[in-house]
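Trainee: Whatever this is, show me its structure:
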Amino acid sequence: MNPLHTARQVSARRLLNPLLPYASLVMHGRLAFDLARRDVSGRYRGAVGGQLWAFLTPLLMLAIYSFVFGYIFQSRWTSAETGDINFSIVLFVGLIFANFLSECLNRGPTLVVSNPNYVKKVVFPLEILPWVAAGGALFHAAISIVVLLLAMIVTGTPIAATAFLLPLLFVLFVPMAAGFMWFLAAMGVFFRDLQQFVTVFATALVFLAPIFYPRTMLPEQYRWLLSINPLTFVVEAGRDLVLWNRLPDWQATLGYALAALVVAWLGWVTFQLTRRGFADVL
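Mentor: Okay, here's the model as predicted:
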């Protein structure tokens, strides 16, 4: 039997294992955590406000979006849909998930390109780079959740008993984002213009999700666009948990979890199949 052929068969079988995308996180979790922490601290190094900007940025963005969409465009949910909850609070819950996904998508195409030393000179587990980026995005999401809770307390908005389940949504959401990043990181090595497309794509996902408007405002023939948007489920489920004390539909949750696992696996397989060519291009 040809040893090379046997090795390829073994490698192909390994790629079919849907749990392998998470094996690297288990094996190199400490490294991923340290790199994510360094990434976050490096982002604010040299700024006068330092990491305080992680707290100020969501506040400023909330103020801008609330003014533009709440005051100028008069975007509103009906009282039947929101229970008379302040528009800014409803908006902010959606923005937490939108900002997380946008940060992940926008960083995806440059994850490998911006770290050529990891490819050429160091024996480094490149597959953990999306986990590192997701870790940084999770840090900002956590800060935004703190801002949200403070805003709810200040405005007198009741915090639902189910709000403590909000982190579980990110357990579903992070693999989806990681899958996108594995794919974008691999393709970004060979197609340098991908970054420009992704910026537009990420913005489109945000505006085609029920963040600034309720699902019912979109004409029925176009609502399928919301259904295929990876933001739609987590935004609506997040509002259910934090604002309205409702658990997400279990069938929708199961379907989203399955979709997230498939996206993560497909992205990881794409990354593994193309990584041998990274050094040649870089």
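Trainee: from here on, contacts and neighbour counts on C-alpha atoms
Mentor: Fine.
Trainee: what about the strands in the stretch 51-200 of the chain?
Mentor: Using DSSP state E, counting those that start in this stretch, no strands are assigned anywhere in the stretch 51-200 of the chain.
Trainee: Give me the below-cutoff pLDDT ranges for it.
Mentor: Within the stretch 51-200 of the chain, the ranges that satisfy pLDDT under 70 run 51, 69-84.
Trainee: Pull the distance from stretch 85-101 to the chain's centre.
Mentor: For stretch 85-101, the separation from the chain centroid amounts to 14 Å (computed by C-alpha atoms, centre = their mean, to the nearest Å).
Trainee: Oops, could you answer that again for stretch 128-147 instead?
Mentor: On C-alpha atoms, centre = their mean, the centre of stretch 128-147 falls 8 Å from that of its chain.
Trainee: What mean pLDDT does stretch 253-270 get?
Mentor: Mean per-residue pLDDT for stretch 253-270: 95.
Trainee: contacting residues around it?
Mentor: The contact list for stretch 253-270, computed with C-alpha atoms under 8 Å, 6 or more residues apart in numbering, reads 15, 18-19, 21, 127, 172-173, 175-183, 186, 233.
Trainee: Looking at this structure, which helix is longest?
Mentor: Counting by DSSP state H, the longest helix found in the chain is helix 129-155.
Trainee: what packs against that helix?
Mentor: helix 29-43, helix 52-65, helix 87-107, helix 166-190 (3 or more C-alpha pairs under 8 Å, 6 or more residues apart in numbering; DSSP states H and E).
Trainee: Can you say which of these is nearest to residue 204?
Mentor: For those, proximity to residue 204 was assessed by C-alpha to C-alpha; helix 87-107 is nearest, at 10.2 Å.
Trainee: Report all helices and strands that that closest one contacts.
Mentor: On a contact count with 3+ C-alpha pairs under 8 Å, 6+ apart, helix 87-107 meets helix 52-65, helix 129-155, helix 166-190, helix 194-207, helix 230-242.
Trainee: List only those of the contacts of stretch 253-270 flagged as buried.
Mentor: 15, 18, 21, 127, 172-173, 175-183, 186, 233 (16 or more other C-alpha atoms under 10 Å).
Trainee: Any figure for the gap between the residue nearest the centre of the chain and residue 269?
Mentor: Closest residue to the average C-alpha location of the chain: residue 101 at 3.0 Å, with C-alpha atoms, centre = their mean. Per C-alpha to C-alpha, to the nearest Å, residue 101 is found 21 Å from residue 269.
Trainee: Ok, residue 113 next?
Mentor: 19 Å.
Trainee: Could you pull up the residues touching residue 273?
Mentor: Counting by C-alpha under 8 Å, 6+ apart, residue 273 makes contact with nothing.
Trainee: Could you count how many residues lie near residue 190?
Mentor: Using other C-alpha atoms under 10 Å, residue 190 has 16 other residues around it.
Trainee: Can you tell me, leaving aside adjacent residues, what's nearest to it?
Mentor: Nearest residue to residue 190 in three dimensions, chain neighbours excluded: residue 281, at 7.0 Å (C-alpha to C-alpha, 6 or more residues apart in numbering).
Trainee: just so I know, which of the helices and strands packed on helix 129-155 lies nearest residue 123?
Mentor: helix 29-43 (13.2 Å).
Trainee: which residue packs closest to the residue nearest to the centre of the chain, ignoring adjacent ones?
Mentor: In space, residue 101 is closest to residue 177, 6.4 Å off (C-alpha to C-alpha, 6+ apart).
Trainee: That neighbour contacts residue 106, correct?
Mentor: No - using C-alpha atoms under 8 Å as the test, residue 177 is too far from residue 106 to be in contact (11.0 Å).
Trainee: Distance check, residue 63 against residue 212.
Mentor: From residue 63 to residue 212 the distance is 13 Å (C-alpha to C-alpha).
Trainee: next one: residue 172
Mentor: From residue 172 across to residue 212, the span is 23 Å (C-alpha to C-alpha).
Trainee: can you check residue 157 too?
Mentor: Look at residue 157 and residue 212: by C-alpha to C-alpha, they are 19 Å apart.
Trainee: higher neighbour count, those two?
Mentor: Comparing residue 157 with residue 212 by other C-alpha under 10 Å, the one with more neighbours is residue 212, at 23 against 16.
Trainee: one step back: for the residue nearest to residue 101, give me its contacts.
Mentor: Residue 177 makes contact with 101, 104-105, 134, 264, according to C-alpha under 8 Å, 6+ apart.
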